[in-house]
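[1] what follows is a predicted protein model with its sequence.
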Amino acid sequence: MAKKTAAFIICLVMTLVSLTACSQEAPSENEEELNTFVNESDIPEDDSSFKLSYTQTDSLDPYEAETLNNHILAQLVFSGLFTLDDSFAASGEIAESYRYPDKETIEVKLKSGVLFSNGEPLTADDVVYSFNKAADSDYWENSLAGIRSCSKESDDTVIFNLRYPNAYAQNLLTFPILSRDKTESGYPIGSGRYRFEDGDGSAVLKAVKGNGFYPHITTIRLENIISYESIDNAVNIGNISFAFRDLGSGSDMKMTCKSKAVNMNNLVYLGVNGKEGITRNAQIRKAVSLAIDREALAKGPYNEYAVAAESVFNPKFELSQAKIFSLSADISAAKQAIEKSSYSSPSLSLIVNAENADRVSCAKLIKMQLEEVGFNVRLTEVSSYEKYAERIKEESFDLYLGETRISPDMSLQTFLSSDGATSYGIDTNGSETAKQYENYINGKTDMGAFLLAFSEEMPYIPLVYRNGMICASNAMKGDIQGSFTDCFKNIENWYFAE
């Protein structure tokens, strides 16, 4: 069986060189298409209809802001070196090109003639300044953890020194590039599609026309709406025009407006205690993975705002073509793995944060699936996130249901390095998976060896990748697109019907 598995995985990996990135999946049945078309020349400029929520008491500086509201606004005002599409493929925004002088260095050349909205040129000094602010900020520090430092090579060239070899480091360079100056009103300055200005006593966004950007929406009004519930209601009834919803605390939204799923790279997974107890047995870990119907988790608890994990990578990322997990449960194989473990009546503990309704529903379904193959499962809904996190840090679990945002370079260091934020329960020093992953990123082995080690050892169990949602007022028209890194991807095509 192990030989067949190895051959299958290696065969899949050998085909990767001829594969392109994953194709975009069709919208779920519960989504409404956001696409309508009309003759562009018939649409007038609009300086009053489009409204977005923001938090007035929070900073508009992307590195000082604390609310999701204001971080979403930043996507309109600031540009990054690169932007990512829904398949995590990077394309230059401020960057003209990039190259790897060695495995732990990426050199980025800037486009010529890029200006901030105040007319000042954007240079390598601004990139270094912005990186240092980003690396020290709560919102960006985790995604930039794989970069050791940033330095200026010349006015149009920046060098990033990496903490480990990383062929996808360009995917990390989406942080906002910020001018060191501010407007006379104290607003931060970027080089994005809109800029902050004063309007009737509060900030508004004004379009920065040129370089092919000529939107119908020339002014965006900002409404001080803070709570998620109020934002949901406001976009449903049209008091604001557009919103991004993280859906982190619940995906069963009663949204009557137009909506569309957005790929966020948030992995819902089972953390496994491989250091002690019954889950130290690799056959038990395999049985747990085989018993789980991942597609049922995506469709049920997450209301189709999730995609089943068939690989250790996001299903839309190009390396995900090497699949090692089944969409549905393999009950027979799970029972066989239990038999090989020598446990006649295996019992497991599973903990979950009781404050997250979706995750509790997911944990209950996992309990049912595991019991169907012969496990006895004790599910504990821990009353608060603080207590839940404490139990994980103490490694007081057999299994825990967790969620983490994988960085856009798809690094698995968070699980497989000793200081990884989600490495609890994993013996990273003795793990064959961790060893083979290090060999793989250093070019000492191929992906097949790493995936074979993962499938044999199962150090953690990927379940689904959770989506977010972009939603728009029914009054808004146009081919409305968006991704997590750019919710306003083609805002120049959006308009309101008269």
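    Alright, I've got the coordinates.

[2] now the helices for the stretch 51-200 of the chain?
    For the stretch 51-200 of the chain, the helices defined by DSSP state H, counting those that start in this stretch cover 68-77, 124-135.

[3] next, count neighbours for the nearest residue to residue 45 once chain neighbours are set aside.
    Excluding its sequence neighbours, the residue lying closest to residue 45 (C-beta to C-beta, 6 or more residues apart in numbering) is residue 218, at 4.9 Å. Glycine gets a C-beta too; all of them are placed from N, C-alpha and C. Residues contacting residue 218 under the criterion other C-beta atoms under 10 Å number 17.

[4] ditto for residue 456
    By other C-beta under 10 Å, the residues close to residue 456 number 16.

[5] go on, residue 378?
    Residue 378: 11 surrounding residues under other C-beta under 10 Å.

[6] same question for the one 10 residues further on.
    In terms of burial, residue 388 registers 24 neighbours under the definition other C-beta under 10 Å.

[7] now do the same contact list for it.
    Residues in contact with residue 388, defined by C-beta atoms under 8 Å, 6 or more residues apart in numbering, are 351, 352, 353, 354, 382, 400.

[8] per-residue pLDDT of the residue nearest to residue 45, please?
    Looking at residue 218, its pLDDT stands at 96.

[9] and for residue 481?
    Note on residue 481: pLDDT of 88.

[10] all further residue positions should be reported with the first residue as 543.
    All right, first residue 543 from here; so that's residue 1023.

[11] quick one: it from residue 807, how far?
    18 Å (C-beta to C-beta, to the nearest Å).

[12] cool, and residue 931?
    Here residue 931 is placed at a distance of 21 Å from residue 807 (C-beta to C-beta).

[13] returning to that earlier point: just give me the closest of the contacts of residue 930 to residue 705.
    Nearest to residue 705 among the contacts of residue 930: residue 942, at 26.8 Å, using C-beta to C-beta.

[14] that closest one and residue 891 touch, don't they?
    No: at 9.0 Å, residue 942 does not count as touching residue 891 under the criterion of C-beta atoms under 8 Å.

[15] and the nearest residue to residue 595 once chain neighbours are set aside, how far is that from residue 594?
    In this structure, residue 595 finds its nearest non-sequential neighbour in residue 767, 4.0 Å apart by C-beta to C-beta, 6+ apart. Residue 767 sits 9 Å away from residue 594, going by C-beta to C-beta.

[16] what sits against residue 804?
    So residue 804 contacts 628, 786, 1009, 1010, 1011, 1012, 1024, 1025, 1026, 1029 (C-beta under 8 Å, 6+ apart).

[17] sorry, back to before: quick one, which of residue 1023 and residue 807 is more surrounded?
    Neighbour count, other C-beta under 10 Å: between residue 1023 and residue 807, residue 807 has more, with 22 against 18.

[18] give me the beta-bridge partners of residue 1010?
    As for beta bridges, residue 1010 partners with residue 804 under DSSP bridges.

[19] which residues touch it?
    Residue 1010 makes contacts with 786, 787, 788, 789, 803, 804, 806, 847, 1026, as judged by C-beta under 8 Å, 6+ apart.

[20] for the residue sitting furthest away from the middle of the chain, give me the pLDDT.
    What lies farthest from the middle of the chain is residue 886; by C-alpha atoms, centre = their mean that is 40.0 Å. Note for residue 886: predicted pLDDT of 88.
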